[in-house]
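> got a structure for you, letters missing:
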């Protein structure tokens, strides 16, 4: 392992990598429940989706470990699965097989782009300050997801508001447990306890079990608050996967595709996946101090190729776009620095095909504290920004706030890139700063995206 993963060179050890891989998995395990719940609206079988989700996460994360030796994990991405189910299969009325075919073609194009350095060139063209801002924005985004998962932040007259604690409901109990979980995780960090994020998840889960056993927490499936006590530990039935496997190649269904609609669908998957992936790689890499002195990520080609291959394989298995997950930051924060972390996460996703009933019992309020704390750590990169240069600071600010407020990493990047280019061009800073051709191209493409799509 030392020879392959270069643990000492990366300032880590086997124990740290194992804990980091387990931590990453625990913060990502929710996708095993969320992805089937969303994609079933397309008409796909939920059990098949769950198996495809776990297998695509296993293979994608394995690709990342072997091709790039990075501690990043992959799984079907949130946002893209909603576009898949509610827009392509809902509003546009296409079969899930057509949507899977679009994802498959997107993956093939990504592989070509990765091999020809186009994606790497896009990554390197983004200014260093914007890369840092992306890291901070992702931190805010992750924390916001955690607050929502904990039911601490809910819909209100002001769009979002703090939950009322006036009456005892399952959501209120879960919110209180999440707050306790944040405090416990923070105390473990202050005390320097190894594996503090993972321990915070487990302790919060155990507290939830105790509350359910004492009838303080009463499950209410209609409100999305399920039992936290495992009732079943394993399932060995994998036959459901046959319902979605290779469904993207169904000739009869593909014959009904309107070419212009298909181009729009495929381009939308391609566009969002590209910048979500780049944003996540930038943000998590910055947190782990993996960027070089020029703000570039070494071996990025391998990381991008792994992401592209995962998308293609995932489409064949039967799930929406597989992408690098922001929650990889949890493992990085726990000390993960090499592909060994990713190998551990990948194997756990493979095991989850058998132990999925147990893993899916972990409540969102137990995972939420990890997301909130990870968001805090990623937010720390804001100290690296130079706010004395307004032409740099304002685009960074827009990038940071747009991500959580629009619930989109790619929209945050778009806001940062468009505003950075416009401000630096019209303020006359083009001579003092080298604005790459790609930055101009990206600005135009982003503007066209919002006009035409």
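Received, thanks. In this text, all values refer to a predicted model and were calculated from it rather than measured experimentally. Numbering: from 1, shown residues only.

> What does residue 227 show for phi and psi?
Dihedral angles phi and psi of residue 227 (degrees, to the nearest 10) take the values phi -60, psi 140.

> Would you state the predicted confidence (pLDDT) at it?
In this model, residue 227 is scored at 89, pLDDT.

> I'd like to check which residues are in contact with it.
Contacts for residue 227 (CB atoms under 8 Å, 6 or more residues apart in numbering) come out as 212, 219, 361. Where you see a C-beta, it was placed from the backbone N, CA and C, and this is true even at glycine.

> Just send those back as a markdown table, with pLDDT too.
Shown next, in a markdown table, are the contacts of residue 227 (pLDDT from 0 to 100):
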| residue | pLDDT |
| --- | --- |
| 212 | 94 |
| 219 | 91 |
| 361 | 81 |
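
> Which phi and psi values does residue 74 adopt?
With angles defined as degrees, to the nearest 10, residue 74 shows backbone torsions of phi -120, psi 150.

> now stretch 68-87, how far from the centre of its chain.
Averaging C-alpha coordinates over stretch 68-87 and over its chain gives two centres that are 6 Å apart (CA atoms, centre = their mean, to the nearest Å).

> Next, the buried residues of that stretch.
Buried residues in stretch 68-87, counted by 16 or more other CB atoms under 10 Å: 68-85.

> Can you list which of these are found in strands?
Among those, DSSP state E puts 74-76 in strands.

> Which one of these is nearest to residue 113?
If you rank those by distance to residue 113 using CB to CB, residue 74 comes first, at 17.0 Å.

> If the closest one is in a bridge, with which residues?
According to DSSP bridges, the partner residues bridging residue 74 are residue 324.

> Isn't it up against residue 58?
No. Using CB atoms under 8 Å, residue 74 is not in contact with residue 58; the gap is 9.3 Å.

> Which among the contacts of residue 227 count as buried?
Using 16+ other CB under 10 Å as the burial test, the contacts of residue 227 include 212, 361 as buried.

> Kindly reformat the contacts of residue 227 as CSV and extend each row with distance to residue 270 and secondary structure.
Listed next are the contacts of residue 227 as CSV, based on distance: CB to CB, whole Å; DSSP: H, G, I helix; E, B strand; the rest coil:
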residue, distance to residue 270, secondary structure
212, 44, helix
219, 41, coil
361, 36, coil
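
> quick one: least confident helix or strand in this structure?
When the helices and strands of the chain are scored by mean pLDDT, DSSP states H and E, helix 251-254 comes last with a mean of 65.

> mind listing which of the buried residues of stretch 68-87 are in helices?
With DSSP state H as the criterion, helices contain 68, 80-82 from among the buried residues of stretch 68-87.

> any idea how far the residue most central in space within the chain is from residue 308?
Centroid check for the chain by CA atoms, centre = their mean gives residue 325 as the closest residue, at 3.0 Å. Computed as CB to CB, to the nearest Å, the residue 325 to residue 308 distance reads 15 Å.

> With residue 322 instead?
Distance, residue 322 to residue 308, by CB to CB: 10 Å.

> Could you list the low-pLDDT ranges of the stretch 351-453 of the chain?
Applying pLDDT under 70 to the stretch 351-453 of the chain picks out residues 429-433, 453.

> Need the ones in helices among the buried residues of stretch 68-87 in a markdown table (columns: pLDDT and distance to residue 13).
As requested, those are arranged in a markdown table below (pLDDT from 0 to 100; distance: CB to CB, whole Å):
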| residue | pLDDT | distance to residue 13 |
| --- | --- | --- |
| 68 | 90 | 20 |
| 80 | 76 | 36 |
| 81 | 82 | 36 |
| 82 | 76 | 40 |
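
> For the stretch 251-400 of the chain, which segments count as strands?
When assigned using DSSP state E, counting those that start in this stretch, the strands of the stretch 251-400 of the chain occupy the ranges 322-324.

> Mark out where each domain of the chain begins and ends.
For the chain, the structural domains run 2-144+233-360, 386-452, going by automatic domain parsing.

> winner for burial among those domains?
domain 2-144+233-360 (a mean of 22; mean count of other CB atoms under 10 Å).

> So what would you say the end-to-end distance of it is?
Taking CA to CA, to the nearest Å as the measure, domain 2-144+233-360 stretches 33 Å from start to finish.

> wait, what's in contact with residue 315?
For residue 315, counting by CB under 8 Å, 6+ apart, the contacting residues are 100-101, 103-104, 107, 248, 321.

> got a pLDDT number for it?
You'll see residue 315 listed with a pLDDT of 94.

> Use 50 as the first number for this chain going forward.
Sure, I'll start counting at 50 from here, so that last one is residue 364.

> That one and residue 152: what is the separation?
Residue 364 sits 4 Å away from residue 152, going by CB to CB.

> Common neighbours of those two, please.
Residues touching both residue 364 and residue 152 (CB under 8 Å, 6+ apart) are 297, 370.

> Residue 281 belongs to a helix?
No. For residue 281, which was evaluated using DSSP: H, G, I helix; E, B strand; the rest coil, the result is coil, with no helix membership.

> and it, what is it in contact with?
For residue 281, the residues meeting the contact criterion (CB under 8 Å, 6+ apart) are 406-407.

> Can you tell me how far it is from residue 408?
Computed as CB to CB, the residue 281 to residue 408 distance reads 11 Å.

> try residue 399
Where residue 408 is concerned, residue 399 sits at a distance of 12 Å (CB to CB).

> now swap in residue 269 and tell me
Using CB to CB, which is the criterion applied here, residue 269 is 21 Å from residue 408.

> Likewise for residue 349?
As for residue 349, its distance to residue 408 is 31 Å (criterion: CB to CB).

> Got the phi and psi for residue 202?
Here the main-chain torsion angles of residue 202 (degrees, to the nearest 10) amount to phi -110, psi 120.

> neighbours around it, how many?
18 (other CB atoms under 10 Å).

> what residues are up against it?
The contact partners of residue 202, by CB under 8 Å, 6+ apart, come to 193, 196, 209-212.

> In TSV: the residues you listed, plus secondary structure.
Converted to TSV, the contacts of residue 202 look like this (three-state DSSP):
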residue	secondary structure
193	helix
196	helix
209	strand
210	strand
211	strand
212	coil
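
> closest to residue 308 among those residues?
Nearest to residue 308 among these, with distances taken as CB to CB, is residue 193, at 38.4 Å.

> excluding its backbone neighbours, what's nearest that closest one?
With CB to CB, 6 or more residues apart in numbering as the measure, residue 453 is the residue that lies nearest to residue 193, at 4.2 Å, once sequence neighbours are left out.

> could you check the distance from the one you found over to residue 320?
According to CB to CB, residue 453 and residue 320 sit 20 Å apart.

> isn't there a strand covering the residue nearest to residue 193?
No. Counting by three-state DSSP, one finds residue 453 to be helix, located in no strand.

> in this protein, which helix has the most residues?
helix 308-336.

> ok now that one, how far from the chain's centre?
Relative to the mean C-alpha coordinate of its chain, helix 308-336 is positioned 12 Å out (CA atoms, centre = their mean).
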